[in-house]
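Peer 1: Structure of the sequence below:
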Amino acid sequence: MRFSFLAALTLISAALAAPQQAGNDAAQNTLAIGAPCKKDGSMGICEGGFCLQDEKADQGVCQQAQN
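Peer 2: Okay, here's the model as predicted:
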């Protein structure tokens, strides 16, 4: 009985601790190539898959990733 209670409590705690994604989060926005972006993805994700941002610059520019 005690084990079942602890197992259930652990599962509930893990579910509550898991990060939840908002439906209209900025990280889900897609930015066109040439659009301003931030390398941390806070403005959205570049369509080309790459945000070129100088380390001292406030923003960068979305570019096509080179393979």
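Peer 1: residue ranges of the helices in the protein, please?
Peer 2: 2-17 (DSSP state H).
Peer 1: what's the weakest-modelled helix or strand in it?
Peer 2: helix 2-17 (a mean of 80; mean pLDDT, DSSP states H and E).
Peer 1: Check which residues of that one are buried.
Peer 2: Using 16 or more other Cβ atoms under 10 Å as the test for burial, helix 2-17 gives no buried residues. In short, each C-beta sits where N, CA and C put it, glycine included.
Peer 1: For that helix, C-alpha coordinates in PDB please.
Peer 2: Extracted C-alpha coordinates of helix 2-17, given in PDB (Å, rounded to 0.1, in the frame of the first residue of the first chain):
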ATOM      1  CA  ARG A   2       2.700   2.400   1.000                       C
ATOM      2  CA  PHE A   3       4.700   1.700  -2.200                       C
ATOM      3  CA  SER A   4       1.600   2.300  -4.400                       C
ATOM      4  CA  PHE A   5       1.000   5.700  -2.700                       C
ATOM      5  CA  LEU A   6       4.700   6.700  -3.200                       C
ATOM      6  CA  ALA A   7       4.600   5.600  -6.800                       C
ATOM      7  CA  ALA A   8       1.500   7.600  -7.500                       C
ATOM      8  CA  LEU A   9       2.800  10.600  -5.700                       C
ATOM      9  CA  THR A  10       6.100  10.400  -7.800                       C
ATOM     10  CA  LEU A  11       4.200  10.200 -11.100                       C
ATOM     11  CA  ILE A  12       1.900  13.100 -10.200                       C
ATOM     12  CA  SER A  13       4.900  15.200  -9.100                       C
ATOM     13  CA  ALA A  14       6.800  14.400 -12.400                       C
ATOM     14  CA  ALA A  15       3.800  15.400 -14.500                       C
ATOM     15  CA  LEU A  16       3.500  18.700 -12.600                       C
ATOM     16  CA  ALA A  17       7.200  19.400 -13.000                       C
END
